[in-house]
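Novice: sequence below, structure please.
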Amino acid sequence: MKDCGGHFHGKHLKRALDYVMNPDKTQDGRLVGAINCQVDTAFEQMKETKRNFGKIDKRQGYHIILSFKENEVNPDTAFEITQKFVEEYLGKSYEAVFVVHDNTAHVHSHIVFNSVSFVDGKKYRYEKGDWAKYIQPITNRLCQEYGLSIIDVDDEKKERQHESYKEWSEYREGNFVWSDMIKRDLDACILQAKDYEEFLELLSEKGYQIKQGKHLAIKPQGMTRFRRCKSLGDMYCEEAIRDRIVKEDIAFYKSKQDIPKVSIVKCRVKRYRRAGLSGLQKKHYAKLYRVVKLKKRPYSQVWKYREDIRKMHKLQEQYLFLARHNIHSAEELVGTIASLTDKKKETSAEKSRIYKARERSRELFTAADEMENLKPAEQSYRLGDTFFEDEHRKWVALEQELQAQGYSLEEVQALRRHYKEEYSEVCAKEKVVFRELNTGKAILNSMIPDSISDGRKTEYNREIIRDRKEQPVR
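Specialist: Just a heads-up that it's a prediction; the model follows:
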């Protein structure tokens, strides 16, 4: 992640941390961890480290992704492997945040770490070949411990030997992508520059690094090597560029463009007749049209017609309600309100059912939470650290408690997620029904004569709805 300039050097680093720690992708933050910093204040701590060593500019951080074979690993195992990788590869020198994303079928983890070491202030440096020497061997060893697939570094090297070095190098350098972009930038700078020196200044402003020797060479941001301009074609060697700066301008390019001939094209368009509005819909549409006239008023005086804006949104919502439910009369409106009232009761009852079912499993969830807290100690005990023997006994007791009720730790966690998702869905459904019901009642209230008091209007609505329900079906 690069430097964004003096206004906010660590903008990309901050965005990367916010992205990877998204609660929707990490089971509400359960699959988020950090080393040498706190999760909630990771960015501030990384920034403070940079400030302490006077290295707040240039490269801000790095982002590593560990991707596992599809359907081969669960999120918790992926989290353990990622944590061990971070502790081994970065734990002695760098602040890092690591997470697991399980929102897709392909479980993967993200590692975002500071570019500056909190120990000695040295910046992390990735050298060519570090992946094969250090990174992949660590992940291979950890995956083998858990019985997962690995990537054979030697096989990767053999495959590359079958390719020509030029093809492989061009692929790594992205020449098939970079060339067109570099040419466009060179053409733009040639067009704008008055002389060769200004041409070089314009290239620098675009973020290019320039190396002038026997041949002009440039390097855009993100590319690892300098590229000789003459390798892009005869039009991009230094002599050709100097000549083009003198000759080419906007008029030159316009003369080269082919002006397309104008021709009339005939086509048949099948027109569909728009459905007519009912009287009730026309009434609300007319109200909406009258209120929308406020758009012609100056925005600087919005405080004068704030109430009109509120009325406009309300009328628009009511009109869409009538169109959505295909309501053409007051009788149909009352029927819709009665149906929505029944739906509201159903969703409330469903929410209550899920809540009670979740509460009946409260003891299971409490035991699972205790086991989650004991997991680091249990892992240390299994690796031979007898200091955590008491924690191990508690772990075994809790595990037996869950097994006695027919569950494992993973099944209890899956049950909790199931209840949470189910509860969220029914809450969202209840919210929609509640909003629709309120809109329908507001329309019904606007149709009742103003002579009736507000308290009487509510009773009046209830009587209408009750009468509607009691009518026999024909």
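
Novice: got the buried residues for stretch 329-340?
Specialist: For stretch 329-340, the neighbour count (16 or more other CB atoms under 10 Å) marks 333-340 as buried. C-betas here are computed from N, CA, C, even on glycine.

Novice: and stretch 407-426, by the same measure?
Specialist: Buried-residue list, stretch 407-426, by 16+ other CB under 10 Å: 407, 409, 412-413, 415-416, 419, 422-423, 426.

Novice: remind me what the longest helix anywhere in the chain packs against, helices and strands.
Specialist: As assigned by DSSP state H, the longest helix anywhere in the chain is helix 409-447. Under the contact definition 3 or more CB pairs under 8 Å, 6 or more residues apart in numbering; DSSP states H and E, helix 409-447 sits against helix 306-324, helix 330-360, helix 362-382, helix 389-404, helix 454-470.

Novice: that one vs helix 306-324, what angle?
Specialist: When axes from the mean of the first three to the mean of the last three CA atoms, to 10 degrees is applied, the directions of helix 409-447 and helix 306-324 differ by 110 degrees.

Novice: specify the angle between helix 409-447 and helix 330-360 in degrees.
Specialist: Inter-element angle recorded for helix 409-447 and helix 330-360: 160 degrees (by the same axes, to 10 degrees).

Novice: next, the angle helix 362-382 makes with helix 409-447.
Specialist: On the basis of the same axes, to 10 degrees, helix 409-447 is oriented at 140 degrees to helix 362-382.

Novice: Lys50 is in contact with Ile56, isn't it?
Specialist: Yes - Lys50 lies in contact with Ile56 (CB atoms under 8 Å); the separation is 4.6 Å.

Novice: circling back to that earlier point, and which of the buried residues of stretch 407-426 is nearest Thr347?
Specialist: Nearest to Thr347, judged by CB to CB, of the buried residues of stretch 407-426 is Val426 at 5.9 Å.

Novice: Gly129: neighbouring residues, count only.
Specialist: 8 (other CB atoms under 10 Å).

Novice: now Asp120
Specialist: 8.

Novice: how near is it to Lys55?
Specialist: 11 Å (CB to CB, to the nearest Å).

Novice: low-confidence ranges in this protein?
Specialist: 5-7, 105, 153-177, 222, 249-285, 287-306, 309, 448-474 (pLDDT under 70).

Novice: again, 80 this time
Specialist: Low-confidence segments of the chain (pLDDT under 80): 3-9, 70-71, 103-106, 128-129, 151-180, 221-224, 249-313, 447-474.

Novice: care to break it down by domain?
Specialist: 11-162, 173-256, 279-328, 331-470 (automatic domain parsing).

Novice: hey, C-alpha coordinates of stretch 100-110 in PDB?
Specialist: Provided in PDB are the C-alpha atoms of stretch 100-110 (Å, rounded to 0.1, in the frame of the first residue of the first chain):
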ATOM      1  CA  VAL A 100     -10.600 -14.900   7.800                       C
ATOM      2  CA  HIS A 101     -13.400 -14.200   5.300                       C
ATOM      3  CA  ASP A 102     -16.000 -16.900   5.100                       C
ATOM      4  CA  ASN A 103     -18.700 -15.000   3.100                       C
ATOM      5  CA  THR A 104     -17.900 -17.000   0.000                       C
ATOM      6  CA  ALA A 105     -17.500 -20.700  -0.800                       C
ATOM      7  CA  HIS A 106     -13.800 -20.200  -1.000                       C
ATOM      8  CA  VAL A 107     -12.400 -19.600   2.600                       C
ATOM      9  CA  HIS A 108      -9.400 -17.300   2.600                       C
ATOM     10  CA  SER A 109      -7.500 -15.000   5.000                       C
ATOM     11  CA  HIS A 110      -6.100 -11.500   4.800                       C
END
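
Novice: buried residues, that stretch. List them.
Specialist: Neighbour-count burial for stretch 100-110 [16+ other CB under 10 Å]: 100-102, 107-110.

Novice: and for stretch 126-139?
Specialist: 135-136, 139.

Novice: in JSON lines, list the buried residues of stretch 329-340 along with distance to Tyr355.
Specialist: Formatted as JSON lines, these follow (distance: CB to CB, whole Å):
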{"residue": "Leu333", "distance to Tyr355": "33"}
{"residue": "Val334", "distance to Tyr355": "32"}
{"residue": "Gly335", "distance to Tyr355": "31"}
{"residue": "Thr336", "distance to Tyr355": "28"}
{"residue": "Ile337", "distance to Tyr355": "27"}
{"residue": "Ala338", "distance to Tyr355": "26"}
{"residue": "Ser339", "distance to Tyr355": "25"}
{"residue": "Leu340", "distance to Tyr355": "22"}
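
Novice: most neighbours per residue, which of the domains of the chain?
Specialist: domain 11-162 (a mean of 17; mean count of other CB atoms under 10 Å).

Novice: show me what contacts Ala397?
Specialist: For Ala397, no residue meets the contact criterion (CB atoms under 8 Å, 6 or more residues apart in numbering).

Novice: any chance of the helices and strands packed on helix 409-447 in TSV, with distance to His63 too?
Specialist: Compiled in TSV, these are given as follows (distance: least, CB to CB, whole Å):
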stretch	distance to His63
helix 306-324	42
helix 330-360	37
helix 362-382	26
helix 389-404	35
helix 454-470	58
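
Novice: out of these, nearest to Thr439?
Specialist: helix 306-324 (4.6 Å).

Novice: which helices and strands does the closest one pack with?
Specialist: Helix 306-324 is packed against helix 279-292, helix 409-447, with contacts defined by 3+ CB pairs under 8 Å, 6+ apart.

Novice: Gln379 is nearest to which of those?
Specialist: Taking those one by one with CB to CB, helix 409-447 is closest: 13.3 Å.

Novice: give me the secondary structure label for Ala217.
Specialist: Of the three states, Ala217 takes strand under DSSP: H, G, I helix; E, B strand; the rest coil.

Novice: any idea how far it lies from Glu205?
Specialist: Taken as CB to CB, the span from Ala217 to Glu205 is 18 Å.

Novice: any chance of the domains of the chain in TSV with distance to Met1 as columns?
Specialist: Below are the domains of the chain laid out as TSV (distance: least, CB to CB, whole Å):
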stretch	distance to Met1
domain 11-162	4
domain 173-256	12
domain 279-328	39
domain 331-470	30
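
Novice: figure out which of those is closest to Lys2.
Specialist: Within the domains of the chain, the stretch nearest Lys2 is domain 11-162; the backing value is 6.1 Å (CB to CB).

Novice: next one: the closest one to chain centre, how far?
Specialist: 18 Å (CA atoms, centre = their mean, to the nearest Å).

Novice: equivalent analysis for stretch 191-200, please.
Specialist: When C-alpha coordinates are averaged (CA atoms, centre = their mean), stretch 191-200 and its chain have centres 41 Å apart.

Novice: skipping its backbone neighbours, what lies nearest Ala442 in space?
Specialist: Distances taken as CB to CB, 6 or more residues apart in numbering place Gln318 nearest to Ala442, at 6.6 Å, with adjacent residues excluded.
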